[in-house]
Every structure is written in structure tokens, then in C-alpha cells.
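**Student:** Quick one, structure for this:
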Amino acid sequence: MSAAVYLVSTVTGYVVTSVLLLKCPSLLHLRKRQPFLSRHISHRGGAGENLENTMAAFKHAVDVGTDMLELDCHLTRDDQVVVLHDADLRRSTGRNACISDVTFAELPPYLGQLGVTFQKECFCEGGNDKRIPLLRDVFEAFPNTPVNIDIKVNNDTLIRKVSELVVQYNREHLTVWGNARNQIVRKCYKENPRIPVLFSLPRVFMLLGLFYAGLLPFVPLKEQFLEIPMPSIITKLKDSDRLSRSKRVIIWLADTLLMRKALFDHLTARGIQVYVWVLNDEEDFKRAFDLGATGVMTDFPTKLKDFMDENAISK
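**Tutor:** Predicted coordinates for the structure are as follows:
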């Protein structure tokens with residue numbers, strides 16, 4: 001056999017095998033067990049309908065029928081795990097201080113109005129609940145609701161205490177945690193491998209590289225959740241006229257590379273849930289579900305629930 005024929009046959013065999021395993025990953029990988037399936041995910045509890053990360057927001061989202069609450073955790077000076085997005089209190093409370101320098105008892109209330117990060121020129125007016133809650137408050141109030149925890153800082157004590165709370169409230173089967181930083185995700189997995197982890201940003205890049213090289217079907221993955229943005233929403237958050245041509249090209253390229261139905265279908269066939277964030281209008285809801293995303297994360301849980309009901313999108 002000539003070298004050319006050998007090369008062609010080898011490449012052909014690789015391509016055929018890769019395509020086959022991409023479509024049918026169960027031939028090589030055992031499907032991951034899914035203790036819960038989340039189609040409707042409320043970002044910070046639904047930051048467009050209530051003040052973000054408050055008990056009022058979480059209760060409203062659960063009452064609407066959300067499948068999962070997404071929230072953020074920090075540690076106070078007296079080592080209390082609180083639900084808060086920013087490390088600095090200025091945006092949320094008006095106080096110029098770091099959360100790590102303040103005890104839980106000293107925490108100021110939220111401001112009466114907060115901007116909605118992923119909705120252009122949108123502000124959410126607060127009701128009576130302006131208290132920054134403890135993570136244990138959420139666990140006690142919603143014992144059967146899955147929670148997606150973003151560990152906001154690389155702090156061993158924070159990671160350990162979150163794990164202890166998850167175990168204490170018997171929520172290892174109802175929790176997913178992680179961060180964009182790979183170091184944090186590795187620490188989470190090491191602290192408690194029974195709590196499913198998210199793909200970190202470096203691992204997302206690795207995932208895409210493997211996918212486009214045709215290697216993904218051959219590689220085992222420890223993560224159980226892929227949580228990725230829809231890059232095209234950036235054009236809705238900023239004046240498109242102010243975006244340079246190069247930025248628009250980068251957004252288009254990122255969107256084209258990330259929003260791949262073949263990738264989503266392969267991962268879901270392996271038992272890995274795919275969440276697309278943070279989507280706040282029906283056009284983007286439809287696109288995400290049409291691409292095969294397991295779930296959509298939104299600031300407007302009522303709007304997403306109405307869309308899912310109208311389009312018969314269910315578990």
C-alpha cells in the first residue's frame with residue numbers, strides 16, 4: 001500500500017469514526033446520570049422582575065415555575081456565606097466597601113433600584129425585600145429547587161463552607177457549582193466531587209478545540225453542565241452604531257463558533273446539560289431551544305415561562 005493510499009484510508013477512517021461517535025456517543029461513553037433537568041433558569045433569581053439575589057426574587061421565580069435558581073456567593077468578614085454578585089458593595093448598596101471587610105450584621109440593604117445587566121437601559125425597582133440573604137436561607141426556603149452557584153472568588157474557606165452547607169441540607173443532587181476560572185472549578189471538584197461542576201472558561205475553549213478537530217467524541221469529560229453566553233446578545237446591549245467593524249466581526253465569529261447544534265446535541269446525548277445565558281427576549285429564547293440547548297437562563301422568569309408555555313417547551 002502506497003503512503004498516499006494509507007494516509008487517505010487513515011484520515012477517512014478517523015473522520016467516519018469521529019462523525020459516528022459525535023452522533024452516537026453512547027457507543028464509547030456512559031451517559032451521565034441527571035438528577036434533575038433544568039429548562040427554565042432564573043438569573044440571580046430574575047433580576048429583571050425583582051432585586052437580584054434577594055429572597056423575594058427567588059420566591060417569585062419558584063412561584064412562576066422556574067427549574068433552577070442561579071445565584072452568586074461571597075464570604076463576609078465573619079465567614080458567613082452570603083448571596084451577592086459583586087465583591088464590592090458600591091453598585092448594589094451604595095456603600096464603598098468590600099464584602100470581605102464587612103460582617104454579616106453590618107451589611108447594608110440593597111438600593112431601591114438596580115440596573116439589569118443583560119437588558120439595555122433597564123432598571124428594576126425593589127419592593128420591601130432589600131436584604132442580602134445567606135445561602136442557608138435559600139436552601140431552607142427552597143429545599144427541592146436546584147441551585148446553580150457561582151463561586152465568585154478564589155477562596156478556600158468559601159468553597160469549603162459552601163460544600164458543607166450543600167451536604168448539611170442534603171443538596172448534592174440538587175446543586176451545580178463553579179466559576180469561569182479553572183482554578184476555582186478544580187478546587188470545587190477536589191473539595192466535593194459529588195457536587196456537579198460547570199465548565200470553566202479555559203475548559204470551554206478546550207471543548208471547542210476538540211469539537212472542531214473532531215476529537216471531542218473520544219475524550220472523557222468530568223463536567224456535567226456547560227453554561228455559555230450567546231455572543232450575539234452583545235449587539236442588543238450596546239448601540240450597534242458604536243461597535244467598530246472589527247468588534248462586530250469578533251462577535252459574529254464567537255457566535256458562529258459557540259452556537260452549534262451539533263455540539264449541543266452531542267453533549268446532551270452524553271448527559272451534559274447546556275445552558276445559554278443571559279437571554280431576555282423571545283427571539284433569543286427560540287434560537288437557543290432550536291439549537292438544542294437544554295435550558296435558558298433569563299432575568300425575566302415570567303416572560304420565559306410564558307414563551308415556554310406558548311411553544312409547548314417542557315421537560
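**Student:** all strands for the protein, in order.
**Tutor:** Applying DSSP state E to the chain gives strands spanning 40-43, 68-75, 81-83, 113-115, 123-125, 147-151, 175-178, 225-229, 273-277, 295-298.
**Student:** elements contacting the fourth one?
**Tutor:** Meaning strand 113-115. strand 123-125 (3 or more Cβ pairs under 8 Å, 6 or more residues apart in numbering; DSSP states H and E). Using the backbone N, CA and C atoms, a C-beta is placed for each residue, glycine as well.
**Student:** What pairs with the strand it packs on, parallel or antiparallel?
**Tutor:** Paired neighbours of strand 123-125 in the sheet (DSSP bridges): strand 113-115 (antiparallel).
**Student:** In contact with R260: list those residues for me.
**Tutor:** Contacts for R260 (Cβ atoms under 8 Å, 6 or more residues apart in numbering) come out as 211, 291.
**Student:** Distance-wise, check it relative to A141.
**Tutor:** For R260, the distance to A141 equals 38 Å [Cβ to Cβ, to the nearest Å].
**Student:** Of the strands of the chain, which is nearest L30?
**Tutor:** Nearest of these to L30, taken as Cβ to Cβ: strand 273-277 at 16.2 Å.
**Student:** which secondary structure elements does that closest one contact?
**Tutor:** Here strand 273-277 touches strand 40-43, strand 225-229, helix 261-269, strand 295-298, going by 3+ Cβ pairs under 8 Å, 6+ apart.
**Student:** between the strands of the chain, which gets nearest to D239?
**Tutor:** With Cβ to Cβ as the measure, strand 113-115 is the member of the strands of the chain nearest D239 (16.3 Å).
**Student:** Check the burial of A4 by counting its neighbours.
**Tutor:** Other residues near A4 come to 8 when the count uses other Cβ atoms under 10 Å.
**Student:** Any regions of the stretch 151-300 of the chain where pLDDT drops low?
**Tutor:** The model of the stretch 151-300 of the chain has pLDDT under 70 over residues 240.
**Student:** those helices in it, which residues are they?
**Tutor:** Secondary structure of the stretch 151-300 of the chain, counting by DSSP state H, counting those that start in this stretch: helices at 156-168, 182-191, 201-213, 234-237, 245-258, 261-269, 282-290.
**Student:** Kindly compare burial across the ones you listed and name the winner.
**Tutor:** With neighbours defined by mean count of other Cβ atoms under 10 Å, none of the helices of the stretch 151-300 of the chain is more surrounded on average than helix 261-269, at a mean of 19.
**Student:** Can I get it in PDB? Just the C-alpha atoms.
**Tutor:** C-alpha atoms of helix 261-269 as PDB (Å, rounded to 0.1, in the frame of the first residue of the first chain):
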ATOM      1  CA  LYS A 261     -26.400  22.500  17.300                       C
ATOM      2  CA  ALA A 262     -24.100  19.500  16.600                       C
ATOM      3  CA  LEU A 263     -22.100  20.400  19.700                       C
ATOM      4  CA  PHE A 264     -25.200  20.900  21.900                       C
ATOM      5  CA  ASP A 265     -26.700  17.600  20.700                       C
ATOM      6  CA  HIS A 266     -23.500  15.700  21.300                       C
ATOM      7  CA  LEU A 267     -23.200  17.000  24.900                       C
ATOM      8  CA  THR A 268     -26.800  16.400  25.800                       C
ATOM      9  CA  ALA A 269     -26.600  12.800  24.400                       C
END
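**Student:** Cool, thanks, talk later.
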